[in-house]
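J.: got a predicted structure plus its sequence, pasted below:
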Amino acid sequence: MDKIKVTGGRPLHGRIDIGGAKNAALPLMAAALLTEEKLTLSNLPHLADIATMAHLLSHLGVAISMDGSSPAEGHQGRVMGLDAKGVKDIVAPYDIVRRMRASLVVLGPLLARFGRAKVSLPGGCAIGTRPIDIHLKALEAMGAQITLDEGYVLAEAPKGLQGAEITFPKVSVGATENLLMAASLANGTTILHNSAREPEVSDLAECLVAMGAKIEGIGNSTLIIHGQKKLHGADYKIIADRIEAGTYAIAALMTNGHLEIAGISPSILGVTLDALRNSGAHIEEKTDSIIVSRKDKIIHPMELTTDPYPGFATDMQAQMMALATIADGTSHISETIFENRFMHVPELLRMGADIHIDGHTATIHGVPKLKSAEVMATDLRASVSLVLAALVAEGTTTLNRVYHIDRGYERVEEKLKAVGAQIERVRGS
Ligand code: UD1
């Protein structure tokens with residue numbers, strides 16, 4: 001297994017290009033199942049999770065092609081064609097779903113187009129139990145018959161799904177995406193209340209519209225979808241990854257560097273920019289980039305609570321905690337989305353951080369210096385928070401189980417090295 005070694009203490013200077021958003025790309029790839037025509041996605045990030053979704057879709061019978069022909073736009077090798085004309089299977093097997101919970105987004109489109117889908121239950125994961133009841137209840141409200149058997153969800157709607165008015169009991173990104181896709185091919189109109197408003201959900205809705213879906217209220221918590229008999233192919237560019245951008249912005253702030261974070265519209269970063277400014281960042285917003293440096297000598301402590309968009313993203317929580325470990329004072333960070341998302345804390349403690357957890361809230365007393373240690377990645381965002389901490393720690397930190405980072409951060413060590421970090425990947429057997 002690969003490791004990453006980081007020697008701390010170097011300020012980062014230069015420019016980092018942000019890739020397409022993983023959390024937008026995964027449901028967009030699944031949307032290809034909704035039509036017999038080809039869906040072409042550009043700005044695709046090169047990530048392990050994308051390869052897993054491609055594997056799942058090709059297992060179902062989707063023909064996948066990679067196109068590297070438009071280097072002028074910087075899209076070389078980042079354009080994927082997905083042709084679901086010849087889909088021959090409706091089963092998403094355990095072996096793939098257990099590796100990536102987001103595989104669940106094939107449920108809605110398979111059921112809507114073929115009247116049947118069988119998807120393995122994703123099981124537990126490091127950041128909590130993460131049930132799928134919201135997805136299933138909403139599909140049932142659209143007329144699906146759902147049975148659970150031997151670890152699989154079998155969903156059937158032989159006469160097609162029916163439009164329905166649904167209020168999600170809790171905001172769920174994945175359930176909103178599954179239902180948007182299912183409703184796009186249903187009979188009649190579906191109204192979804194309390195929908196997730198994440199930019200990645202809106203990106204999916206925009207792509208569905210480009211494929212012929214009729215959706216009102218994109219970006220709002222109530223979405224109205226007028227079901228169509230068929231959708232068609234489209235060419236669609238995936239939005240930039242706001243979590244990757246926010247992570248590198250924190251790297252600039254922590255190392256007292258100066259980074260241009262390019263290829264992203266500042267508006268989708270939302271309250272992440274406010275949180276960084278409150279912590280002492282100077283952020284210049286351009287049309288298609290942000291420039292981040294320190295405004296003050298010190299990092300200010302913070303009070304943060306995660307919430308669905310437009311609230312503070314749970315996917316930025318671990319990285320902000322890394323920042324709080326070196327703040328000048330005491331911070332509090334509360335996690336309201338996932339019950340077990342403090343897995344980075346024991347590892348940060350190994351690096352000399354001073355953190356106490358009480359229920360859903362972490363109290364972080366800033367320390368003047370972190371120290372290197374051998375640490376272990378436990379999930380995607382937790383692992384990158386350890387890289388951030390290592391960038392400012394005294395000595396050389398070794399991060400084990402790097403495959404978690406590769407799920408969501410493209411060439412993290414190359415991007416950081418190019419702006420001055422002392423970082424290397426040690427290839428494992
Ligand atoms: C997505 C993101 C993930 C992010 C999360 C919250 C992708 C691929 N992943 O995950 O990076 O951290 O949104 O912003 O886009 N829940 C239920 N029952 C359900 C579904 C969800 O109780 O049927 C709960 C979850 O356990 C969690 C909350 O609802 O507590 C939000 O989860 P959800 O928005 O569904 O997360 P994902 O779509 O899995």
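T.: Great, that's in hand. Numbering: from 1, shown residues only.
J.: does the strand or helix carrying residue 138 reach the ligand?
T.: Assigned by DSSP states H and E, residue 138 falls within helix 133-141. Yes. Against the ligand, helix 133-141 shows contacts by C-beta under 6 Å from any ligand atom at 133-135. Every C-beta, even on glycine, is put in place using the N, C-alpha and C of the backbone.
J.: near the ligand, which residues of the stretch 51-200 of the chain?
T.: 101-102, 128, 130-135, 170, 172-175, 196, 200.
J.: contacting residues for the residue lying closest to residue 79 once chain neighbours are set aside?
T.: Leaving out its chain neighbours, the residue that sits closest to residue 79 by C-beta to C-beta, 6 or more residues apart in numbering is residue 67, at 4.0 Å. Counting by C-beta atoms under 8 Å, 6 or more residues apart in numbering, residue 67 touches 40, 79-81.
J.: in strands, which of these fall?
T.: Judged by DSSP state E, strands contain the following of these: 40, 79-81.
J.: so which of these wins on neighbours?
T.: residue 80 (23 neighbours; other C-beta atoms under 10 Å).
J.: quickly note the distance from that residue to the ligand.
T.: Using C-beta to the nearest ligand atom, to the nearest Å, residue 80 is found at 17 Å from the ligand.
J.: okay, that residue: pLDDT?
T.: Each residue has a pLDDT score; the one for residue 80 is 96.
J.: just list whatever residues bridge to it.
T.: For residue 80, the beta-bridge partners are residue 41, residue 66 (DSSP bridges).
J.: now do the contacts for the residue nearest to residue 271 when sequence neighbours are not counted.
T.: Leaving aside its chain neighbours, residue 271 sits nearest to residue 312 (5.3 Å; criterion: C-beta to C-beta, 6+ apart). Shown in contact with residue 312 (C-beta under 8 Å, 6+ apart): 271-272, 275, 304-306.
J.: can you do 7 Å?
T.: Residues in contact with residue 312, defined by C-beta atoms under 7 Å, 6 or more residues apart in numbering, are 271, 275, 304-306.
J.: can you add neighbour count and give the residues you listed back as JSON lines?
T.: Putting these into JSON lines (neighbours: other C-beta atoms under 10 Å) gives the following:
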{"residue": "271", "neighbour count": "16"}
{"residue": "275", "neighbour count": "22"}
{"residue": "304", "neighbour count": "22"}
{"residue": "305", "neighbour count": "15"}
{"residue": "306", "neighbour count": "20"}
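J.: show me what from the stretch 201-350 of the chain comes close to the ligand.
T.: So far as C-beta under 6 Å from any ligand atom goes, the stretch 201-350 of the chain lies against the ligand at 314-315, 337-338.
J.: if we go to 8 Å?
T.: For the stretch 201-350 of the chain, the residues in contact with the ligand (C-beta under 8 Å from any ligand atom) are 243, 308-309, 313-315, 337-339.
J.: buried subset of those?
T.: 243, 308-309, 313-315, 337-338 (16 or more other C-beta atoms under 10 Å).
J.: columns distance to residue 231 on top of these, output as JSON lines?
T.: Converted to JSON lines, those look like this (distance: C-beta to C-beta, whole Å):
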{"residue": "243", "distance to residue 231": "29"}
{"residue": "308", "distance to residue 231": "27"}
{"residue": "309", "distance to residue 231": "26"}
{"residue": "313", "distance to residue 231": "30"}
{"residue": "314", "distance to residue 231": "31"}
{"residue": "315", "distance to residue 231": "29"}
{"residue": "337", "distance to residue 231": "31"}
{"residue": "338", "distance to residue 231": "33"}
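J.: what about these, which are in strands?
T.: Per DSSP E, these never map to strands.
J.: where does the stretch 51-200 of the chain dip in pLDDT?
T.: By pLDDT under 70, the weakly predicted segments of the stretch 51-200 of the chain are 68-77, 123-130.
J.: quick one, helices of it?
T.: Using DSSP state H, counting those that start in this stretch, the helices of the stretch 51-200 of the chain run over 94-97, 107-114, 133-141, 173-184, 199-210.
J.: quick check: which of the ones you listed is buried the most?
T.: Comparing the helices of the stretch 51-200 of the chain by mean neighbour count (mean count of other C-beta atoms under 10 Å), helix 173-184 ranks first with a mean of 28.
J.: chain center to that one: distance?
T.: 16 Å (C-alpha atoms, centre = their mean, to the nearest Å).
J.: so which elements touch that helix?
T.: Packing contacts for helix 173-184, counted by 3 or more C-beta pairs under 7 Å, 6 or more residues apart in numbering; DSSP states H and E, involve helix 107-114, helix 133-141, strand 189-193, helix 199-210, strand 223-226.
J.: in the shortest one, what counts as buried?
T.: Pointing back at strand 223-226 there. Those would be 223-225, for strand 223-226 by 16+ other C-beta under 10 Å.
J.: quick one: strands adjacent to it?
T.: Sheet pairing here is set by DSSP bridges, and for strand 223-226 it gives strand 189-193 (antiparallel), strand 214-216 (antiparallel).
J.: pull the next helix or strand after that strand out as PDB, backbone CA atoms only.
T.: Next along the chain after strand 223-226, taking DSSP H and E as the criterion, comes strand 234-237. Presented in PDB, the C-alpha positions along strand 234-237 are these (Å, rounded to 0.1, in the frame of the first residue of the first chain):
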ATOM      1  CA  ALA A 234     -26.100  15.500 -24.200                       C
ATOM      2  CA  ASP A 235     -22.700  17.000 -23.800                       C
ATOM      3  CA  TYR A 236     -22.200  18.300 -20.300                       C
ATOM      4  CA  LYS A 237     -19.300  19.900 -18.400                       C
END
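J.: now do strand 234-237: everything it contacts.
T.: With contacts defined as C-beta under 7 Å, 6+ apart, strand 234-237 is touched by 28, 39-43, 207, 210-211.
J.: switch to 6 Å and redo it
T.: Strand 234-237 is contacted from outside by 39-43, 207, 210-211, using C-beta atoms under 6 Å, 6 or more residues apart in numbering.
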